[in-house]
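Colleague: how would this look folded up:
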Amino acid sequence: MLVCDAGYGFPREKVPRKEKINAIAGQLSNFLKWQTAQQKTFADDADKKNVQTALACVRVVGCPDETSRSTLEARLLEKMSVRTLPDHVVVSCESLEECLSKEFCDENIVYLSPDADESLDPSVPAPKIVVVGLLIDRRVQPNRSKDRALKLNIVSKRWPLEDIFVDISAKEPLNVDCVLEGMQQWWWNSCDEAIKDDKESFAQAAFQAIEHHAKRHPSRPLHLSSC
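Modeller: Here you go, the predicted structure:
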């Protein structure tokens, strides 16, 4: 499951608030359109017939009020060109704390943060429940997701980019749509018998997600490692 945390707050001013909602809807729409299209591709591919391609549930939590929630949902529907959200997608005013305590209190939950002290282990299966902060800012503000995870007593980890790439910073702040795609593909790869190694499952997913990131956001450069 992908839990998208909107609990960082929305601007009160009308124009910045609208821009923030549009930006979040855009990132979520990019991922959801890719997700459903990719599942259809698998269904049409004879070599992928036996791969488990269930769509990861997407829960957007932490909308500050009903007006914000309904506006975000309406903008998401518009960007996806659909009348109703897919069954696996929910947009809610429920707080992240409420969501996790009610339904996933006994689960292994990881809050993804590029500033986390430790990275996920690519040699083992990906965590089943991942929290992704809906931080979509023109200027990166370090440690916000790490500090939020610490405040909520949730383990924070970063993608193990250092195990896969030699020219991308280990703490690269990737876009939301990139991270969501990478996690979904990692889960799918773990069910693909043609991919024999867990580390390869992550590597393929990360390469693909970052390649798609570059195509979607050509003006948003990655930070190259100085190593």
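
Colleague: can you give me the helices for the protein?
Modeller: Taking DSSP state H as the criterion, the chain carries its helices at 14-44, 66-80, 96-103, 144-151, 176-190, 198-216.

Colleague: Mean neighbour count, those helices: which tops it?
Modeller: Of all the helices of the chain, helix 176-190 carries the top mean neighbour count, a mean of 24, counting by mean count of other CB atoms under 10 Å. (C-beta placed from N, C-alpha, C; glycine too.)

Colleague: Mind giving me the packing neighbours of that one?
Modeller: Packing partners of helix 176-190 (3 or more CB pairs under 8 Å, 6 or more residues apart in numbering; DSSP states H and E): strand 2-5, helix 14-44, strand 129-133, helix 198-216.

Colleague: got the ones you listed as JSON lines, with distance to D163 columns?
Modeller: Below are the helices and strands packed on helix 176-190 laid out as JSON lines (distance: least, CB to CB, whole Å):
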{"stretch": "strand 2-5", "distance to D163": "22"}
{"stretch": "helix 14-44", "distance to D163": "24"}
{"stretch": "strand 129-133", "distance to D163": "18"}
{"stretch": "helix 198-216", "distance to D163": "7"}
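
Colleague: Relative to H88, which of these is closest?
Modeller: H88 lies closest, by CB to CB, to one member of the helices and strands packed on helix 176-190: helix 14-44, at 8.8 Å.

Colleague: What average pLDDT does the closest one get?
Modeller: Averaged across helix 14-44, the pLDDT comes to 91.

Colleague: chain center to that helix, what's the gap?
Modeller: The chain centre lies 11 Å from the centre of helix 14-44; the measure is CA atoms, centre = their mean, to the nearest Å.

Colleague: helices or strands next to it in the packing?
Modeller: Helix 14-44 sits against strand 58-61, helix 66-80, helix 176-190, with contacts defined as 3+ CB pairs under 8 Å, 6+ apart.

Colleague: Considering helices and strands only, name the one in this protein with the lowest mean pLDDT.
Modeller: Sorted by mean pLDDT, DSSP states H and E, the helices and strands of the chain end with helix 96-103, the least confident at a mean of 86.

Colleague: Now do that one: everything it contacts.
Modeller: Helix 96-103 is contacted by residues V3, D5, G7, R59, V61, G62, S92, I109, V131, L152, I154 when judged by CB atoms under 8 Å, 6 or more residues apart in numbering.

Colleague: Could you pull up the contacting residues of the closest residue to I109 other than its chain neighbours?
Modeller: Of all residues not flanking I109 in the chain, I129 sits nearest, at 4.7 Å (CB to CB, 6 or more residues apart in numbering). Shown in contact with I129 (CB under 8 Å, 6+ apart): M1, V3, F104, E107, N108, I109, V110.
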